[in-house]
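S.K.: Take this sequence and fold it.
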Amino acid sequence: MRPIGVNTWVWTSPLADANLPGLLRDIRALGFDAVELPLENPGDIDPDLAAAALAETGLAPYVVGAMAPGRDLVATDADCVAATQDYLKACVDLAAAIGAPAVCGPFYAQTGRVWRLAPEERAAAYAEWRANLAPVVDHAGERGVRIGIEPLNRYETSLVNTVDQALEALGPLLGPALGLALDTYHLNIEERSSADAVRRTGEHLVHVQVCGSDRGAPGGDQTDWDALLAALDEVGYDGPLVIESFTPDNAAIAVAASIWRPLAASPDALATEGLAFLRQTGAQR
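M.R.: Residues are numbered from 1 along each chain as shown. Below you'll find the model as predicted:
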């Protein structure tokens, strides 16, 4: 049974010790099985406190990272690369400490950073990315955590928009400690068929985030959910389906995700409507 989860970004940003326990209790009370914990900055979340809140609520944990300004693994200076690697390792360490099997996100460049790439420039950028990501992958493997790289839409990055680009770029790094994390919002924009993208990802699928084609609750939108869920069944994906949307109340996260209007009557409404749809469609099978 695939657990159904939700990202705390639906309600708040950043997630921190002061708001984590109460929010996890609320998420459990809404009926979720799992929760995505964003680590926006090292030190925001105390692993012991998070572990206690998870034990109390019974929620299965997953960790996501945020590629904020100054976090880049390509086309930048050595200090920026080192700082980004340290940040990603901190995300891995949090996951290992709280029992989360995966850390996911667009771990290549600052979200919103775009630039044109000729074919030879793209190939060079991918080689640089592999070299700079490799120490993080090794760190994750040593701690029993798998990294899921998330392709983003063309408005949020120019480096990795599709499953095919991610598979091509990561190539030899793919394995027990590295795969892909897919988000239905980005698939809807960049892939000719979201279901076929899932099939091409295959054994490399680590994690799945779901939301409507408008970034709101899944269900009642343009996504072909039956085809998508059938593809997940075909590749044997039994990981979580996590609703990821964003509060418009935090300026930084709203700008990064282009959230210019409320996507539901309230954060709770977005979460519960999405959860009800996923339960009704048999998404957990």
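S.K.: Below-threshold pLDDT in the chain: ranges please.
M.R.: Residue ranges of the chain with pLDDT under 70: 250, 283-285.
S.K.: Strands of that one, start to end?
M.R.: For the chain, applying DSSP state E gives strands covering 4-7, 34-39, 60-65, 102-105, 146-149, 178-183, 205-210, 241-243.
S.K.: so what strands line up beside the third one?
M.R.: Okay, so that is strand 60-65. According to DSSP bridges, strand 60-65 forms sheet pairs with strand 34-39 (parallel), strand 102-105 (parallel).
S.K.: Just name the most buried of those.
M.R.: strand 102-105 (a mean of 26; mean count of other C-beta atoms under 10 Å). Where you see a C-beta, it was placed from the backbone N, CA and C, and this is true even at glycine.
S.K.: and the longest helix seen in the chain with strand 178-183, angle?
M.R.: Assignment by DSSP state H gives helix 119-142 as the longest helix of the chain. On the basis of axes from the mean of the first three to the mean of the last three C-alpha atoms, to 10 degrees, helix 119-142 is oriented at 110 degrees to strand 178-183.
S.K.: what comes into contact with helix 119-142?
M.R.: Defining contact as C-beta atoms under 8 Å, 6 or more residues apart in numbering, one finds that helix 119-142 is touched by 73-75, 81, 84-85, 88-89, 92, 103, 107-108, 117, 146-147, 159, 168-173, 176-178.
S.K.: again with stretch 185-201
M.R.: 150-154, 161-164, 167, 179-180, 182, 184, 205, 209, 211-213, 215, 222-224, 227-228, 230-232, 234-235, 237, 244.
S.K.: And the contacts of helix 119-142, which of them are buried?
M.R.: Buried residues within the contacts of helix 119-142, defined by neighbour count using 16 or more other C-beta atoms under 10 Å: 73-75, 81, 84-85, 88-89, 92, 103, 107-108, 146-147, 159, 169-170, 173, 177-178.
S.K.: Narrow the residues you listed to those in helices?
M.R.: Per DSSP H, the subset of those in helices is 81, 84-85, 88-89, 92, 169-170.
S.K.: any chance of these in CSV, plus distance to S193?
M.R.: Converted to CSV, these look like this (distance: C-beta to C-beta, whole Å):
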residue, distance to S193
V81, 35
T84, 33
Q85, 35
L88, 31
K89, 35
V92, 32
A169, 21
L170, 21
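S.K.: with those in mind, which one is nearest to G112?
M.R.: Using C-beta to C-beta, T84 comes nearest to G112 of these, at 15.2 Å.
S.K.: Contacts only, for that closest one.
M.R.: Per C-beta under 8 Å, 6+ apart, neighbours of T84: 70-73, 132.
S.K.: how does it look with 6 Å?
M.R.: 71, 73 (C-beta atoms under 6 Å, 6 or more residues apart in numbering).
S.K.: how close does it sit to D48?
M.R.: Here T84 is placed at a distance of 26 Å from D48 (C-beta to C-beta, to the nearest Å).
S.K.: what separates the nearest residue to L232 once chain neighbours are set aside from Y237, distance-wise?
M.R.: In this structure, L232 finds its nearest non-sequential neighbour in V198, 6.0 Å apart by C-beta to C-beta, 6 or more residues apart in numbering. Between V198 and Y237 the distance is 8 Å, computed by C-beta to C-beta.
S.K.: Can you pick out the residue with more neighbours from the two?
M.R.: Neighbour comparison, V198 and Y237: the larger count goes to V198, with 27 against 21 (by other C-beta atoms under 10 Å).
S.K.: And for D238, the neighbour number?
M.R.: D238: 12 surrounding residues under other C-beta under 10 Å.
S.K.: Without its sequence neighbours, what residue ends up closest to it?
M.R.: Per C-beta to C-beta, 6+ apart, closest to D238 is R2, 5.7 Å.
S.K.: go on, L270?
M.R.: Distance criterion C-beta to C-beta, 6+ apart; nearest residue to L270, sequence neighbours excluded, is A264 at 3.6 Å.
S.K.: From D224, how far out is that neighbour?
M.R.: To D224, A264 is 22 Å away according to C-beta to C-beta.
S.K.: now swap in P119 and tell me
M.R.: For P119, the distance to D224 equals 32 Å [C-beta to C-beta].
S.K.: These two: which has the busier surroundings?
M.R.: D224 (13 against 7).
S.K.: List phi and psi for the more buried one.
M.R.: Here is the backbone geometry of D224 (degrees, to the nearest 10): phi -90, psi 80.
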